[in-house]
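# give me the fold of what follows.
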Amino acid sequence: MTEIQEKSRLQSYFDGVGFERLSVIYGEEECTGFRRVVREGHRRVVETVVSWLRPQHAFESPTVLDAGCGTGSLSIPLAQAGAHVNGIDFSGRMIQTAKDRARQAGVPDRKSTRLNSSH
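Numbers count the residues shown, from 1 in each chain. As a prediction, this is how the structure comes out:
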């Protein structure tokens, strides 16, 4: 399989089945079992990363690259904490959801997302 074919396969997965599976974990709906454990672990990671933007860490209006930003579950809290966030992802569906969520969170001007189309 060529690199372009592999990329196409990944995009197809994350625009379809992968999106559905990850949306359950990183969405707002209630989840149980393993998905709940993953969600809680991710919540702790987000809290830790956002804490690095606090004044004692001496970042002034940082710019952050969120590679594989998905639906914005890390990049939106970072933008809410004052960072300028550039999010990229293979999945157009994930990017669109991240843009919609950023708009709903009131941070679209601090967050920019784009589809990674490089080969």
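
# SS state for D66?
strand (DSSP: H, G, I helix; E, B strand; the rest coil).

# then the one 3 residues further on?
Using three-state DSSP, the secondary structure recorded for C69 is coil.

# excluding its backbone neighbours, what's nearest it?
With sequence-adjacent residues excluded and distances taken as C-beta to C-beta, 6 or more residues apart in numbering, C69 is closest to G87, at 3.1 Å. For glycine as for every other residue, the C-beta is placed from the backbone atoms N, C-alpha and C.

# quick check: which element contains the one you found?
Per DSSP states H and E: G87 is located in strand 84-89.

# quick check: next helix or strand after that strand?
Assigned by DSSP H and E, the successor of strand 84-89 is helix 92-105.

# quick one on the thing from earlier: count the residues that sit near the residue nearest to C69.
When neighbours are counted by other C-beta atoms under 10 Å, G87 registers 28.

# H84 now?
As a burial measure, H84 scores 14 neighbours (other C-beta under 10 Å).

# quick one, phi/psi of the residue lying closest to it once chain neighbours are set aside?
In space, and not counting its chain neighbours, H84 is closest to T63: 4.6 Å by C-beta to C-beta, 6+ apart. The phi and psi values for T63, taken as degrees, to the nearest 10, are phi -110, psi 130.

# was I right about T63 contacting A79?
No. Using C-beta atoms under 8 Å, T63 is not in contact with A79, being 10.9 Å away.

# out of those two, which sits in the busier spot?
Per other C-beta under 10 Å, whichever of T63 and A79 has more neighbours is A79, with 24 against 9.

# that one is in what secondary structure piece?
Going by DSSP H and E, A79 is part of helix 75-80.

# quick one: contacts for V45?
Shown in contact with V45 (C-beta atoms under 8 Å, 6 or more residues apart in numbering): L74.

# which parts of the helix of greatest length in the chain are buried?
Taking DSSP state H as the criterion, the chain has its longest helix at helix 33-51. Neighbour counts using 16 or more other C-beta atoms under 10 Å place 35, 39, 46, 49-50 of helix 33-51 among the buried residues.

# cool, thanks, talk later.
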